[in-house]
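Peer 1: no sequence on this one, just coordinates:
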């Protein structure tokens, strides 16, 4: 039968895969529909979504802060490792290689909200790409909330509430710049 014929419905996995326009939707949708996010926190879900972004490759595996002390990225939980492994298994079937480094940066960001820590692992001139990655994850979560709600994963949906504040707190975005300027109401000096 024609899957696009009137009266045809998508399977739960098809519904999840169809919701994502980019970022390897077959992998994304399959993990979501198979319940791969049920044991993850908001920070871990954000980190998992980073697997599907291309921004923010690392410059060094060992990083030091301004005082020369080693800075260590957070280790993923067992649940997140399991989801990473399942995601990698699916991606391998499609001959896709996923990089976990940005995921670890996201975990660090969610835990510390400190761009100077993030700058230890990426070129400081590329911090804008990290901010872009955070914004992309926020967009992915908007879609993901609709998908998990449609699939009946209500607890996951509830965990994704307040994702804007959780991910964007501490970042300067165009919106926050305009709001700060509106609150200040002082004319800009030349």
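Peer 2: Yep, it's here. Model, not experiment: these values are computed from the prediction.

Peer 1: residue contacts, residue 138?
Peer 2: 163, 164, 167, 168 (C-beta atoms under 8 Å, 6 or more residues apart in numbering). Using the backbone N, CA and C atoms, a C-beta is placed for each residue, glycine as well.

Peer 1: Which ChimeraX command selects the buried ones in these?
Peer 2: Selection of buried members from the contacts of residue 138 for ChimeraX, criterion 16 or more other C-beta atoms under 10 Å:
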select :163,167,168
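
Peer 1: Residue 83 reaches residue 51, doesn't it?
Peer 2: No: counting by C-beta atoms under 8 Å, residue 83 does not reach residue 51; the two are 9.5 Å apart.

Peer 1: Which ones among the contacts of residue 138 map onto helices?
Peer 2: If you go by DSSP state H, the contacts of residue 138 have 163, 164, 167, 168 in helices.

Peer 1: could I get these as JSON lines with pLDDT and distance to residue 127?
Peer 2: Below are these laid out as JSON lines (pLDDT from 0 to 100; distance: C-beta to C-beta, whole Å):
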{"residue": "163", "pLDDT": "93", "distance to residue 127": "21"}
{"residue": "164", "pLDDT": "90", "distance to residue 127": "20"}
{"residue": "167", "pLDDT": "93", "distance to residue 127": "15"}
{"residue": "168", "pLDDT": "90", "distance to residue 127": "15"}
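
Peer 1: Residue 10 should be in a helix, yeah?
Peer 2: No: per DSSP: H, G, I helix; E, B strand; the rest coil, residue 10 lies outside any helix segment and is coil.

Peer 1: Check whether residue 146 really touches residue 20, as I assumed.
Peer 2: No: with contacts counted by C-beta under 8 Å, residue 146 stays clear of residue 20, the gap being 10.7 Å.

Peer 1: Please say which of those two ends up with more neighbours.
Peer 2: Using other C-beta atoms under 10 Å, the more surrounded residue of residue 146 and residue 20 is residue 20, with 19 against 11.
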